[in-house]
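Enquirer: sequence and predicted structure, then a few things I'm wondering about:
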Amino acid sequence: FMPMHLRVPFTAVVSMVWTCILSAMRGGDALHGDEMAGGAVTGTTLSIMTEALDDYFTCPVELDRELNHICISAAGPDRVGYVAQLARIISDQGGNVTYSNQVRLGQEFIILMHVAVPPEKARTLIQAMKTDKELKPLDIQTRYLMRRGTGTYDKPVLGLKVHCVGADSPGMLAGIAEKLAEKGLSVEQVNTELRQSTKKSKADTRLFVVNADCTTTVDSSQEDLNDLMTDLSKLKKELSLDVVDVRVHRI
């Protein structure tokens, strides 16, 4: 039982405590100007995250230095079982799949994989894939991947995750990629996809989604980051993007 005159102060204190807890759990500092006040208003946001770049983007070719690294690409008429068969052969031959992407496009099934394998088993693995009868319809291509030599490149000090969404139209990826290149950002990975809008007002709208992981060797100041967001805001208007979200990762 609580006296009536204490109920309002008690409710206020509990509300404040929960607000502090939720703010701490959210993590990260959202730094943006009034014109970027939040995704719900403008669709343009900037977040500054402090963490190791290794947590942001990890390249398997540079991780396992004692192994051989093979890029596998394949395409062929779609049917059930391709992924299972290919993955089983790789596993039986001592290989380990790290990065992979498989997708059906029309009647074709497309495969892209990175496989790490002990050097003495690399040739046997490639031979097993290319001679397997069930995988014959696939045009399997392989290429050895090499690590970047020490001293041949500058170590990145800043990483950016860029997420853009807008009504599908020609030139969207080109516009976004050109803007990133202008800012000296090196693309480590970029993924695009089409989605059907779930909003009733946009029931017939196809949405184009771009997710890009970028790095730079220049430690940008807050002013530089604000300039980048200003440019992306302009691009948002030019391409009629609904969402532009940038997460900056510092060491």
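Expert: Yep, that arrived. Numbers count the residues shown, from 1 in each chain.
Enquirer: can you give me the helices in the stretch 151-251 of the chain?
Expert: 172-182, 222-238 (DSSP state H, counting those that start in this stretch).
Enquirer: residues contacting D92?
Expert: Applying CB atoms under 8 Å, 6 or more residues apart in numbering to D92 gives the contacts A128. In this view, the C-beta of every residue, glycine as well, is placed from N, C-alpha and C.
Enquirer: about what we covered before: mind putting the helices of the stretch 151-251 of the chain into a markdown table with mean pLDDT, distance to H163 and mean neighbour count?
Expert: Output for these, formatted as a markdown table (pLDDT from 0 to 100; distance: least, CB to CB, whole Å; neighbours: other CB atoms under 10 Å):
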| stretch | mean pLDDT | distance to H163 | mean neighbour count |
| --- | --- | --- | --- |
| helix 172-182 | 91 | 10 | 16 |
| helix 222-238 | 81 | 11 | 15 |
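Enquirer: nearest to C214, out of those helices?
Expert: helix 172-182 (5.8 Å; CB to CB).
Enquirer: run the chain-centre distance for that closest one.
Expert: Remark: helix 172-182 is offset 16 Å from the chain centroid, using CA atoms, centre = their mean, to the nearest Å.
Enquirer: again with stretch 186-194
Expert: On CA atoms, centre = their mean, the centre of stretch 186-194 falls 6 Å from that of its chain.
Enquirer: how about that stretch: buried residues?
Expert: Neighbour counts over stretch 186-194 (16 or more other CB atoms under 10 Å) mark E188 as buried.
Enquirer: same question, stretch 127-141
Expert: A128, M129, L135, L138, I140.
Enquirer: out of those residues, who's nearest R206?
Expert: The nearest one, if we look at the buried residues of stretch 127-141 relative to R206 and count by CB to CB, is L138, at 29.3 Å.
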